[in-house]
Every structure is written in C-alpha cells, then in structure tokens.
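1. okay, predicted coordinates and the sequence, questions at the end:
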Amino acid sequence: MDMPESVKKILTALETAGYEAWCVGGCVRDALLNRAPEDWDVTTSALPEETMAVFGERALPTGLKHGTVSVRDENGKLVEVTTYRVDGAYLDHRRPESVTFTRSIDEDLARRDFTINAMAVNLRGEFRDPFNGRDDLQKKVLRCVGDPDKRFQEDALRILRGMRFAAVLDLEEDHDTDAAMDRNRDLLKEIAPERIQVELTKLLCGTNAGWVLENHPTILGVFWPEILPMVGFDQRNHHHCYDVWQHSLKAMMSTPATPELRYAALLHDIGKPPTFTQDANGVGHFYGHANVSVELADAMLQRLKYPTAFRERVTRLIAWHDRSIPRTDKSIRRALQALGEQDLRLLLTLKRADNLAQAPAYHTRQQELTEAEQILTTILTTAPCFTLKHLAVTGHDLLHLGYTGPALGQALNHLLDLVIDGEVPNERGALLACLRRPPFS
Ligand code: ATP
Ligand code: MG
C-alpha cells in the first residue's frame, strides 16, 4: 500500500521509540479501493504523553481526552495520531462517557463502526484485519463490527455514516446491518443537526445515493418527515411513469454530484402531495407545487442548519424548476437578470435532470434545453448585458443630464429593459438618444 513518505516518517519515529504504529481506518479502506484518502490517521500503542514526547514541538494536544495528538508532518500538514483505545459505556447514543487506553491494536479496531473501517497497516505492509474488512470491501458489503443493534444504539450517527459509505463506495448493506439501521432509526433524534447535515450531503453526492435512499426513506423521515408523503405517491399524469419519490431520486441521480443540485432535485417536488388535485378525467395536477416545495424545503434546510447562502440557492432553483424559459434571446437575458449566470446554468442542469426522470416520451425536451444553453453561451460570449453594470451608460452620465434621486435609478433600469428586450443596442450614443425622448426628456 502506498503511504505518503511524510506519514511513513511519523510511523518510523514511533517505532524507533519502541511503540507500535499503524495507519488505520478510512485511509486503509480508501487506499485498498484506489481512492485518494482524505487524510491518513495513525493509531499507536504510545500513550498521548508518550506521543507528545516523541514529536516534541511538532505535536499539538488537540484531543488528549480521546487520546489524539496532532503531529505536524514535514509538509506542515497535521496528522492525527491516536492511542489505541477502548470506549466506555455510551449513555446518550452519541459518545462514550469515557475512553480507556489499551496496548492492543485489536481492541482498538473492535470499537470502530464498520468492518471496512476497522483495518490497519504498518510500515512493513503487515495487515491487521480481525473482522475481515478486506473481504467485505471486495464483496462490496457494508457490515457493522459486532452486533449492529448495539453499535447503532451506542452512536446513532453510525446509521447515517453507514448509508453514506454505502452511497459513496457503492456498497450493499449486509442483511443484519440493514435491518438494524431501520430498527434504531429513531435514535437519530438525539444527534446534532449539524452532524446529520454533513453526512447527508456526502450521502447525496454518492454514486449509489438513489438506491440507498430508495431503501431507507423512513430513516430520512426521522428528521425530515416531509419526505414521507412522496413515497409511493401516484402522480396520475402521462408525463410521469414514477411515483413522486422515485421521480425525485431519479432526478437527483441525473444531476452532477454537486450538493446544490442534489438537494434541489431531491426536494423540487416535495410540494406535490399537498397540492394534488384530480380533474374530471382522473388526471393528476399539482398547481402551485413549486411554491409549496420552496416553503417545505426552506424549513427542512433550516432545521438541519445549512448556511443561509446554500439554502437560498437551493430554494431559488426549486422555485424556478417548473417555469418555462422560452428559447429566445430576450427570455434568456431576463432569466440571467433574475438569476445570474451560475444559478441559471444550475437551473438548466436541474431542468435536464427533472426531464430525464419523466416518462421517456417527453425526453425530447433535452434538445430544447441544449438550445437554451447555446443561446446563453452566445449571449455571454458576444454581448453580455443583463445587469446595470454591463450597461454602456452609467449613473454619472445621467447626473450630467440632470437626473437625480429615484428618477435616475428608474431611467437606468428602463434603459436596461430596452437592451434586454433587444429594442436598443447597448451603445452609449443610442442609449443617451433614448433619454432625450419622452418619458425621460
Ligand atoms: P472519511 O474521512 O472518508 O469521511 P473515515 O472512515 O475516515 O471517512 P472519519 O470520521 O475520518 O471517517 O473517522 C476515521 C475512522 O474512525 C473511521 O474509519 C472509523 O474507523 C472510526 N470512526 C469514525 N467515526 C466513528 C463512529 N461514529 N463510530 C465508530 N468508529 C468511528
Ligand atoms: Mg477520515
């Protein structure tokens, strides 16, 4: 296994001082999968104060209570070095009351959540894998270390971590692990919303997220009960061949794996069940559903404490998802004016995904969206003018002509409207000429 040189040096320093030292957990798992590990964690038989002594000034006591010392490697990056430990009793379904240090690597591995996260490797490439994590990884199985009910009751966040690993690493949950996730789901109520948020975002961006959510809607329903009415909701409309939940998941998996798009796609139709009506022919309609989706999604994102800018972007995309954007210069300029380039591009991508999750007969709309994107690109590369800052005249010009106060702002916006509508070219002379005519003369 290819460990970075800087990490090898940390392991060497610990071994030279007479301790055992291993790379452990996520980095071993990721390296076996040929994925670049986010960080390399080290576990050692050295007690925290012994680790501090080995590394001197390079050691920072960042989590002594849990046995963690952060060591600055030769590149200035911090590597977490944690003493082998056994967790004490869990009283609040979140964290152990106490931790006890041990000199046995196998005891340390036994406290870890999943078999694929309970492997260690040392400088000589020796492997420690008492729960057959490597085997599970090869078979693409997610399995708890030990009794799943007990492990989820100790720390309920593991339920979401498990779903996240299944989604990101394309794993299938072992039968007992899967059943225990569902059985213990209500314990997630004890978990801080911020921690749920972090796991959920990673989960949604996983390549297998649609499958995982399709299997576990009730787990999501513990903190987001609003999603439950979508599950199995028959749309009774020829545009759709899936129920609202399946449609939302298909749309989500048709977007690129960026958080804004994944959340917007997952929640874009959440307002459908409460707005459902049927006409005389039995056809289903969802008038005004986008606005209801916005309200529900806004409250859901607030509950899990997403940053305001993120929440606003997601709800803006949801608000616009069902508006038609005709393929004309003028309408694309208007959309640019309202959304800006970045959000308009995201919106077109969302619309693409939404359409791909409809009945195949309607997939012809993909071509229309391509044309809208082409118009957008042409506008941006030739004559971008969709905000006042692009306008060929400025407030100064108007001041010189005697405009002041609100009249000045109105005049500028009027000129921008004329340019966006294609009635006047965005040229100084032409624009100033407009002002000499009523109503602004
Ligand atoms: P990633 O860093 O890719 O998000 P990871 O598996 O490295 O995933 P971390 O949170 O960095 O996750 O934790 C490092 C290791 O610590 C895990 O691989 C696992 O062995 C252990 N671990 C982390 N969180 C828990 C937990 N809630 N319960 C039990 N063990 C855990
Ligand atoms: Mg990690």
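-> Yep, that arrived. It should be emphasised that the depicted structure is a prediction, and the values quoted were computed from it without experimental measurement. Ligands and ions are numbered 1, 2, ... in the order given.
2. report the contact partners of the residue of the chain found nearest ligand 1.
-> For the chain and ligand 1, the shortest gap (Cβ to the nearest ligand atom) falls at residue 26, measuring 2.0 Å. From N, CA and C alone the C-beta is placed, and that goes for glycine too. Contact analysis of residue 26 by Cβ atoms under 8 Å, 6 or more residues apart in numbering lists 37-39, 41, 117.
3. rerun at 10 Å
-> Contacts for residue 26 (Cβ atoms under 10 Å, 6 or more residues apart in numbering) come out as 35, 37-41, 112, 116-117, 119, 165.
4. so which of the residues you listed reach ligand 1?
-> Subset of the contacts of residue 26 in contact with ligand 1: 38, 41, 112, 117, counting by Cβ under 6 Å from any ligand atom.
5. widest-spaced pair of these?
-> Maximum pairwise distance in the ones next to ligand 1 among the contacts of residue 26, criterion Cβ to Cβ, is 16.5 Å, between 38 and 112.
6. and these two? Which one has more around it.
-> residue 112 (24 against 9; other Cβ atoms under 10 Å).
7. quick one: contacts for the residue nearest to that one when sequence neighbours are not counted?
-> Residue nearest to residue 112 in three dimensions, not counting chain neighbours: residue 118, with 4.1 Å by Cβ to Cβ, 6 or more residues apart in numbering. Going by Cβ under 10 Å, 6+ apart, residue 118 touches 24-25, 28-29, 106, 108-112, 128-133, 136, 143-146.
8. among those, name the ones in strands.
-> Secondary structure assignment by DSSP state E places 24, 128 of those in strands.
9. derive a PyMOL selection command for the buried subset of the contacts of residue 118.
-> Buried residues within the contacts of residue 118, by 16 or more other Cβ atoms under 10 Å, are selected in PyMOL with:
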select buried, resi 24+25+28+29+108+109+110+111+112+128+129+131+132+133+136+143+144+145+146
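10. which of the contacts of residue 118 fall in helices?
-> 28-29, 106, 108-110, 133, 136 (DSSP state H).
11. helix or strand right after the helix or strand containing residue 251?
-> Remark: residue 251 resides in helix 244-253, with elements defined by DSSP states H and E. Downstream of helix 244-253, the next assigned helix or strand under DSSP H and E is helix 259-267.
12. would TSV of the ones in helices among the contacts of residue 118 with pLDDT and distance to ligand 1 be doable?
-> Below are these laid out as TSV (pLDDT from 0 to 100; distance: Cβ to the nearest ligand atom, whole Å):
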residue	pLDDT	distance to ligand 1
28	98	8
29	98	6
106	97	13
108	97	9
109	98	8
110	97	10
133	98	10
136	98	13
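13. in those, find the pair that's most separated.
-> 108 and 136 (18.7 Å).
14. look up how far residue 401 lies from residue 407.
-> Distance of residue 407 to residue 401, given as Cβ to Cβ, to the nearest Å: 11 Å.
15. between the two, who's got more neighbours?
-> The neighbour count for residue 407 versus residue 401, taken as other Cβ under 10 Å, is higher for residue 401 (15 against 12).
16. just give the nearest non-adjacent residue to the more buried one, would you?
-> residue 435 (6.3 Å).
17. how about residue 173?
-> Closest residue to residue 173 apart from its sequence neighbours, by Cβ to Cβ, 6+ apart: residue 142 at 4.8 Å.
18. residues contacting residue 269?
-> Neighbour list for residue 269: 230, 233, 235, 240, 244-245, 247-248, 251, 275, 286, 289-290, 292-293, 318, 321-322, 354, 357 [criterion: Cβ under 10 Å, 6+ apart].
19. helices and strands around the longest helix along the chain, which ones?
-> When the chain is parsed with DSSP H, its longest helix is helix 329-356. With contacts taken as 3 or more Cβ pairs under 10 Å, 6 or more residues apart in numbering; DSSP states H and E, helix 329-356 sits against helix 244-253, helix 259-267, helix 308-320, helix 365-381, helix 405-420.
20. buried ones in it?
-> Result for helix 329-356 [16+ other Cβ under 10 Å]: buried residues 329, 332-337, 339, 343-344, 346-356.
21. and the helices in the stretch 1-150 of the chain?
-> Remark: helices assigned in the stretch 1-150 of the chain by DSSP state H, counting those that start in this stretch are 5-16, 26-32, 48-55, 105-110, 133-139, 148-154.
22. pLDDT of the last one, averaged?
-> If you average the pLDDT over helix 148-154, you get 97.
23. buried stuff in that helix?
-> 148-149, 151-154.
24. so which of the helices and strands packed on helix 329-356 is nearest residue 1?
-> Proximity to residue 1, assessed across those by Cβ to Cβ, is greatest for helix 259-267 (30.7 Å).
25. beyond that closest one, next helix or strand please.
-> Per DSSP H and E, the helix or strand that comes after helix 259-267 is helix 272-275.
26. quickly run through the sheet partners of the helix or strand following that following helix, with directions.
-> Downstream of helix 272-275, the next assigned helix or strand under DSSP H and E is strand 277-278. Here strand 277-278 is paired, per DSSP bridges, with strand 284-285 (antiparallel).
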